[in-house]
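[1] When you get a sec, could you give me coordinates for this:
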Amino acid sequence: MIIDTHCHLDDARYNDDIEEVLARAKSQGVERFIIPAADPTTLERACALAEGHEEIFFAVGVHPYDAKNYDRDFLAPFIEHKKCVAIGECGLDYYRLPESDEAIKAEKQLQAEVFVDQILWAKERDLPLIVHIREASEDALRLLEEHAGRRGGVLHCYNAHEALLRLSDQNFYYGIGGVLTFKNAKKLINVYPKIPQSRLLIETDAPYLTPHPHRGERNEPSYTRLILSKMAELSGVEEAQLEAVVEKNSLNLFQKLQ
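    Numbering: from 1, shown residues only. Okay, here's the model as predicted:
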């Protein structure tokens, strides 16, 4: 069984053909799907999809781009839902910062405060984290090592920053997606063998980061098979063997999937 641990099925690009998308995924052996919270405006749709499909689960949190809109009171009822399996996606993203030094400092401080609050919330609820890190590896590593404890989580779209591999000792896993199939993904390809197989997860980040040879198209969970194939090649094991390992990893982290 393949579990797509990160796919934005609540995105409007799936509104017209969600059942066909799920059917194609199941034909490729994908039997579980996790929708990470990335936009508060679509959280209700994510919840509705989970309620309407036994195989769909969701997470609750606020993406760093929406840190200014963080509202625990709004999120809290969704966390109580039986199909909420994690907190996130949350984290740090310095890719689009303001121009002035003062504004940059304020934005980084806000993102850090919101991130830490979600880390602590995950600990309170005994839920794993889904962590988004972009151009902020050092700060994210420091905050996770200081606050996350051992419940762990997944580094979504693992960015190949080697220092982040230390987090495997705190029960963190590494989400591998379509980027691994890109021709310019040399850094990730070089670091990939250093990730323990017991810490690998598969994700698509659909509708984004579509793997080769479908780059430029809308991504979808059926393409996990392409990612798994590349992972098996780089791991030097049979695809079926790695599929079983990654399934076990996914169920170990997201325990409500079992």
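
[2] by contact count, what packs against the host helix or strand of Phe57?
    According to DSSP states H and E, Phe57 maps onto strand 56-60. Strand 56-60 sits against strand 30-35, helix 43-52, helix 72-79, strand 84-93, with contacts defined as 3 or more C-beta pairs under 8 Å, 6 or more residues apart in numbering; DSSP states H and E. To be clear about C-beta, it is placed using only N, CA and C from the backbone, and glycine gets the same treatment.

[3] pLDDT of that strand, averaged?
    Per-residue pLDDT values across strand 56-60 average out to 98.

[4] Kindly calculate the angle that it makes with strand 84-93.
    Here strand 56-60 runs at an angle of 50 degrees relative to strand 84-93 (axes from the mean of the first three to the mean of the last three C-alpha atoms, to 10 degrees).

[5] Pairing partners for strand 56-60, with directions?
    Strand 56-60 sits in its sheet next to strand 30-35 (parallel), strand 84-93 (parallel), going by DSSP bridges.

[6] Which residues does that strand contact?
    9-10, 32-37, 43, 46-47, 49-50, 75, 78-79, 81, 83-89, 130, 254, 256-257 (C-beta atoms under 8 Å, 6 or more residues apart in numbering).

[7] what about 6 Å?
    Contacts with strand 56-60, where a contact means C-beta atoms under 6 Å, 6 or more residues apart in numbering, come from 33-37, 46, 49-50, 75, 78-79, 83-86, 88, 130.

[8] and what of stretch 112-119?
    Contacts of stretch 112-119 (C-beta under 6 Å, 6+ apart): Gly61, Ala67, Tyr70, Ile87, Cys90, Gly91, Leu92, Leu143, His147, Ala148.

[9] Run the angle between the helix or strand where Leu228 lies and strand 30-35 for me.
    Secondary structure from DSSP H and E places Leu228 in helix 224-235. Relative orientation of helix 224-235 versus strand 30-35 (the same axes, to 10 degrees): 100 degrees.

[10] other SSEs contacting helix 224-235?
    strand 200-202, helix 239-253 (3 or more C-beta pairs under 6 Å, 6 or more residues apart in numbering; DSSP states H and E).

[11] So which bits of it are buried?
    Thr224, Arg225, Leu226, Ile227, Leu228, Lys230, Met231, Ala232, Leu234, Ser235 (16 or more other C-beta atoms under 10 Å).

[12] follow-up on the earlier one: filter the contacts of stretch 112-119 down to the buried ones and express that as a ChimeraX selection.
    In ChimeraX, a selection of the buried entries from the contacts of stretch 112-119 looks like this (16+ other C-beta under 10 Å):
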select :61,67,70,87,90,91,92,143,148
